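Visitor: Quick one: sequence plus predicted model below, questions after.
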Amino acid sequence: MATDARLDALQQRLGHRFRSGSLLTRALTHRSFSAEHNERLEFLGDAVLSTAVSGLLYERFAGGDEGDLTRVRAHLVREDSLHRLALALGLPEVVRLSEGELRGGGALRPSILADALEALIGAVFIDGGYDAAQALVQRLFGEVIVSTEVDAWTKDAKTELQEWLQARRLPVPAYRIAATRGEKHAQTFEVECVVATLGLAEKGEGRSRRTAEQEAARRMLERLKADDQPGGPLRS
(Lines give C-alpha, C1' and ligand atoms only; values in the text may rest on other atoms or scores of the structure.)
Protein backbone atom coordinates (compact mmCIF):
# COMPACT_ATOMS: atom_id res chain seq x y z
CA MET A 1 0.00 0.00 0.00
CA ALA A 2 1.31 3.42 -0.87
CA THR A 3 2.57 5.56 1.99
CA ASP A 4 1.25 9.08 2.59
CA ALA A 5 4.64 10.40 1.47
CA ARG A 6 4.33 8.62 -1.87
CA LEU A 7 0.80 9.89 -2.35
CA ASP A 8 1.93 13.42 -1.48
CA ALA A 9 4.71 13.15 -4.06
CA LEU A 10 2.25 11.86 -6.67
CA GLN A 11 -0.08 14.79 -6.07
CA GLN A 12 2.83 17.17 -6.53
CA ARG A 13 3.66 15.53 -9.85
CA LEU A 14 0.01 15.71 -10.90
CA GLY A 15 -0.20 19.36 -9.90
CA HIS A 16 -3.43 18.68 -8.01
CA ARG A 17 -4.00 18.33 -4.28
CA PHE A 18 -7.02 16.13 -3.63
CA ARG A 19 -9.63 17.36 -1.21
CA SER A 20 -10.92 13.80 -1.02
CA GLY A 21 -8.17 11.35 -0.13
CA SER A 22 -10.52 8.42 -0.62
CA LEU A 23 -11.08 9.47 -4.22
CA LEU A 24 -7.36 9.39 -4.90
CA THR A 25 -7.09 5.98 -3.23
CA ARG A 26 -9.91 4.56 -5.31
CA ALA A 27 -8.34 5.86 -8.54
CA LEU A 28 -5.22 3.83 -7.71
CA THR A 29 -7.09 0.64 -6.77
CA HIS A 30 -7.21 -2.26 -9.22
CA ARG A 31 -10.19 -4.62 -9.16
CA SER A 32 -7.91 -7.42 -7.94
CA PHE A 33 -7.31 -5.49 -4.71
CA SER A 34 -10.81 -4.47 -3.67
CA ALA A 35 -14.44 -4.25 -4.72
CA GLU A 36 -14.00 -0.48 -4.33
CA HIS A 37 -11.88 -0.32 -7.49
CA ASN A 38 -11.17 2.31 -10.14
CA GLU A 39 -13.09 1.08 -13.19
CA ARG A 40 -15.91 3.63 -12.95
CA LEU A 41 -13.37 6.42 -12.56
CA GLU A 42 -11.48 5.03 -15.55
CA PHE A 43 -14.67 5.21 -17.64
CA LEU A 44 -15.16 8.83 -16.66
CA GLY A 45 -11.50 9.73 -17.10
CA ASP A 46 -11.45 8.29 -20.61
CA ALA A 47 -14.23 10.68 -21.65
CA VAL A 48 -12.67 13.68 -19.90
CA LEU A 49 -9.28 12.91 -21.45
CA SER A 50 -10.76 12.68 -24.94
CA THR A 51 -12.58 16.00 -24.53
CA ALA A 52 -9.58 17.82 -23.09
CA VAL A 53 -7.15 16.52 -25.73
CA SER A 54 -9.68 17.40 -28.44
CA GLY A 55 -9.75 20.97 -27.14
CA LEU A 56 -5.95 21.21 -27.14
CA LEU A 57 -5.75 19.85 -30.69
CA TYR A 58 -8.49 22.20 -31.88
CA GLU A 59 -6.48 25.17 -30.64
CA ARG A 60 -3.11 23.84 -31.84
CA PHE A 61 -4.14 22.88 -35.38
CA ALA A 62 -6.45 25.63 -36.57
CA GLY A 63 -6.30 24.40 -40.16
CA GLY A 64 -6.55 20.68 -39.42
CA ASP A 65 -9.54 18.74 -40.67
CA GLU A 66 -11.62 16.34 -38.57
CA GLY A 67 -9.90 13.22 -39.87
CA ASP A 68 -6.41 14.51 -39.08
CA LEU A 69 -7.37 15.66 -35.59
CA THR A 70 -9.11 12.37 -34.84
CA ARG A 71 -6.02 10.46 -35.94
CA VAL A 72 -3.66 12.54 -33.77
CA ARG A 73 -5.98 12.20 -30.77
CA ALA A 74 -6.11 8.42 -31.19
CA HIS A 75 -2.31 8.24 -31.11
CA LEU A 76 -2.05 10.46 -28.05
CA VAL A 77 -4.60 8.61 -25.88
CA ARG A 78 -3.77 5.03 -26.86
CA GLU A 79 -2.57 2.59 -24.24
CA ASP A 80 1.17 2.77 -24.89
CA SER A 81 1.16 6.59 -24.68
CA LEU A 82 -0.74 6.51 -21.39
CA HIS A 83 1.56 3.77 -20.11
CA ARG A 84 4.63 5.95 -20.68
CA LEU A 85 3.01 8.86 -18.86
CA ALA A 86 2.00 6.59 -15.99
CA LEU A 87 5.59 5.41 -15.62
CA ALA A 88 6.83 9.01 -15.60
CA LEU A 89 4.33 9.82 -12.85
CA GLY A 90 5.56 6.87 -10.77
CA LEU A 91 2.26 5.02 -10.72
CA PRO A 92 3.91 1.57 -10.31
CA GLU A 93 4.91 2.71 -6.79
CA VAL A 94 1.40 3.64 -5.71
CA VAL A 95 -1.08 1.47 -7.63
CA ARG A 96 -2.96 -0.95 -5.34
CA LEU A 97 -2.93 -4.56 -6.56
CA SER A 98 -3.52 -7.99 -5.09
CA GLU A 99 -0.49 -10.03 -4.06
CA GLY A 100 -1.04 -12.27 -7.08
CA GLU A 101 -1.08 -9.34 -9.50
CA LEU A 102 2.04 -7.89 -7.89
CA ARG A 103 3.91 -11.19 -8.21
CA GLY A 104 2.80 -11.39 -11.85
CA GLY A 105 4.27 -8.01 -12.67
CA GLY A 106 0.96 -6.15 -12.66
CA ALA A 107 2.53 -2.96 -11.34
CA LEU A 108 4.26 -2.54 -14.70
CA ARG A 109 1.52 -3.91 -16.93
CA PRO A 110 0.63 -1.31 -19.59
CA SER A 111 -3.14 -1.91 -19.41
CA ILE A 112 -3.26 -1.55 -15.62
CA LEU A 113 -1.17 1.61 -15.57
CA ALA A 114 -3.00 3.22 -18.50
CA ASP A 115 -6.33 2.50 -16.79
CA ALA A 116 -5.04 3.95 -13.51
CA LEU A 117 -3.98 7.15 -15.26
CA GLU A 118 -7.43 7.54 -16.82
CA ALA A 119 -8.96 6.86 -13.40
CA LEU A 120 -6.80 9.63 -11.91
CA ILE A 121 -8.03 12.06 -14.56
CA GLY A 122 -11.60 11.06 -13.71
CA ALA A 123 -10.88 11.51 -10.00
CA VAL A 124 -9.41 14.98 -10.57
CA PHE A 125 -12.54 15.86 -12.55
CA ILE A 126 -14.81 14.88 -9.64
CA ASP A 127 -12.54 16.43 -7.02
CA GLY A 128 -11.80 19.74 -8.72
CA GLY A 129 -14.08 20.07 -11.75
CA TYR A 130 -13.36 20.18 -15.45
CA ASP A 131 -10.87 23.05 -15.23
CA ALA A 132 -8.66 21.05 -12.86
CA ALA A 133 -8.86 17.96 -15.07
CA GLN A 134 -8.13 20.01 -18.18
CA ALA A 135 -5.12 21.56 -16.48
CA LEU A 136 -3.81 18.08 -15.68
CA VAL A 137 -4.25 16.94 -19.28
CA GLN A 138 -2.47 20.12 -20.40
CA ARG A 139 0.47 19.27 -18.15
CA LEU A 140 0.57 15.69 -19.40
CA PHE A 141 0.10 16.27 -23.13
CA GLY A 142 0.70 19.97 -23.76
CA GLU A 143 4.38 19.73 -24.63
CA VAL A 144 4.00 16.91 -27.15
CA ILE A 145 0.99 18.59 -28.76
CA VAL A 146 2.84 21.87 -29.15
CA SER A 147 5.88 20.17 -30.66
CA THR A 148 4.10 17.78 -33.04
CA GLU A 149 2.78 18.24 -36.57
CA VAL A 150 -0.30 16.61 -38.06
CA ASP A 151 1.75 15.07 -40.86
CA ALA A 152 3.74 13.07 -38.33
CA TRP A 153 0.59 11.15 -37.41
CA THR A 154 -1.03 10.90 -40.81
CA LYS A 155 -1.36 7.51 -42.43
CA ASP A 156 0.01 7.17 -45.93
CA ALA A 157 -2.55 6.94 -48.73
CA LYS A 158 -1.91 3.25 -49.48
CA THR A 159 -2.53 2.27 -45.86
CA GLU A 160 -5.64 4.42 -45.59
CA LEU A 161 -7.02 3.04 -48.85
CA GLN A 162 -6.42 -0.55 -47.76
CA GLU A 163 -8.15 0.07 -44.42
CA TRP A 164 -11.08 1.81 -46.14
CA LEU A 165 -11.61 -1.20 -48.39
CA GLN A 166 -11.14 -3.78 -45.65
CA ALA A 167 -13.68 -1.99 -43.44
CA ARG A 168 -16.21 -2.60 -46.23
CA ARG A 169 -15.10 -6.21 -46.73
CA LEU A 170 -13.62 -5.43 -50.15
CA PRO A 171 -10.36 -6.91 -51.51
CA VAL A 172 -7.20 -4.82 -51.26
CA PRO A 173 -6.17 -2.91 -54.41
CA ALA A 174 -3.58 -3.99 -56.94
CA TYR A 175 -0.81 -1.76 -58.29
CA ARG A 176 1.00 -2.05 -61.62
CA ILE A 177 3.44 0.13 -63.51
CA ALA A 178 1.56 1.50 -66.50
CA ALA A 179 4.49 3.38 -68.03
CA THR A 180 7.94 4.83 -67.37
CA ARG A 181 9.34 7.93 -69.04
CA GLY A 182 12.72 9.64 -69.17
CA GLU A 183 16.32 8.58 -68.73
CA LYS A 184 17.14 5.86 -66.23
CA HIS A 185 18.67 8.30 -63.74
CA ALA A 186 15.64 10.62 -63.93
CA GLN A 187 12.65 8.43 -64.67
CA THR A 188 9.01 9.24 -64.06
CA PHE A 189 6.81 6.31 -63.12
CA GLU A 190 3.14 6.03 -63.93
CA VAL A 191 1.36 3.52 -61.71
CA GLU A 192 -2.21 2.33 -61.90
CA CYS A 193 -4.19 1.46 -58.77
CA VAL A 194 -7.00 -1.00 -59.49
CA VAL A 195 -9.94 -2.01 -57.30
CA ALA A 196 -11.16 -4.85 -59.51
CA THR A 197 -14.25 -5.64 -57.44
CA LEU A 198 -15.61 -2.17 -58.12
CA GLY A 199 -14.24 -1.91 -61.65
CA LEU A 200 -12.26 1.21 -60.75
CA ALA A 201 -8.75 2.35 -61.69
CA GLU A 202 -6.78 5.51 -60.97
CA LYS A 203 -3.28 6.54 -62.06
CA GLY A 204 -0.54 8.40 -60.29
CA GLU A 205 2.89 9.69 -61.28
CA GLY A 206 6.12 10.13 -59.36
CA ARG A 207 9.89 10.05 -59.51
CA SER A 208 9.82 6.66 -57.81
CA ARG A 209 7.45 3.73 -57.97
CA ARG A 210 6.50 4.22 -54.34
CA THR A 211 5.64 7.89 -54.84
CA ALA A 212 3.55 7.03 -57.90
CA GLU A 213 1.72 4.30 -55.97
CA GLN A 214 0.93 6.72 -53.15
CA GLU A 215 -0.44 9.27 -55.63
CA ALA A 216 -2.58 6.64 -57.35
CA ALA A 217 -3.87 5.44 -53.98
CA ARG A 218 -4.68 9.01 -52.93
CA ARG A 219 -6.70 9.58 -56.09
CA MET A 220 -8.51 6.28 -55.68
CA LEU A 221 -9.35 7.08 -52.07
CA GLU A 222 -10.71 10.50 -53.01
CA ARG A 223 -12.85 8.91 -55.72
CA LEU A 224 -14.19 6.22 -53.41
CA LYS A 225 -15.05 8.70 -50.68
CA ALA A 226 -16.84 10.93 -53.19
CA ASP A 227 -18.73 7.96 -54.64
CA ASP A 228 -19.67 6.84 -51.13
CA GLN A 229 -21.60 10.03 -50.41
CA PRO A 230 -25.42 9.87 -50.37
CA GLY A 231 -26.58 9.65 -53.96
CA GLY A 232 -23.17 8.49 -55.19
CA PRO A 233 -22.56 5.32 -57.19
CA LEU A 234 -21.55 3.26 -54.15
CA ARG A 235 -24.77 4.19 -52.36
CA SER A 236 -27.10 3.54 -55.27
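Guide: Great, that's in hand.
Visitor: Help me confirm that residue 196 comes into contact with residue 174.
Guide: Yes: using CB atoms under 8 Å, residue 196 makes contact with residue 174 at a distance of 6.8 Å. The C-beta positions use only the backbone N, C-alpha and C, and glycine is treated the same way.
Visitor: Quick one: the helices in the protein, in order.
Guide: Counting by DSSP state H, the chain has helices at residues 4-14, 21-27, 39-60, 66-76, 79-89, 99-103, 110-128, 130-147, 157-167, 209-227.
Visitor: now the angle from the lowest-mean-pLDDT helix or strand in the chain to helix 79-89?
Guide: Counting by mean pLDDT, DSSP states H and E, the weakest-scoring helix or strand in the chain turns out to be helix 66-76, with a mean of 82. Here the directions of helix 66-76 and helix 79-89 differ by 50 degrees (axes from the mean of the first three to the mean of the last three CA atoms, to 10 degrees).
Visitor: Run through the neighbouring helices and strands of helix 66-76.
Guide: Secondary-structure packing of helix 66-76 (3 or more CB pairs under 8 Å, 6 or more residues apart in numbering; DSSP states H and E): helix 39-60, helix 130-147.
Visitor: What helices and strands are in contact with the shortest one?
Guide: Think helix 130-147. When contacts are defined as 3+ CB pairs under 8 Å, 6+ apart, helix 130-147 packs onto helix 39-60, helix 66-76, helix 110-128.
Visitor: Just the buried residues of the least confident helix or strand of the chain, please?
Guide: 68, 69, 71, 72, 73, 76 (16 or more other CB atoms under 10 Å).
Visitor: neighbours of the closest residue to the fifth one other than its chain neighbours, just the number please.
Guide: In this case it means residue 73. Excluding its sequence neighbours, the residue lying closest to residue 73 (CB to CB, 6 or more residues apart in numbering) is residue 53, at 5.3 Å. Neighbourhood size, residue 53 [other CB atoms under 10 Å]: 22.
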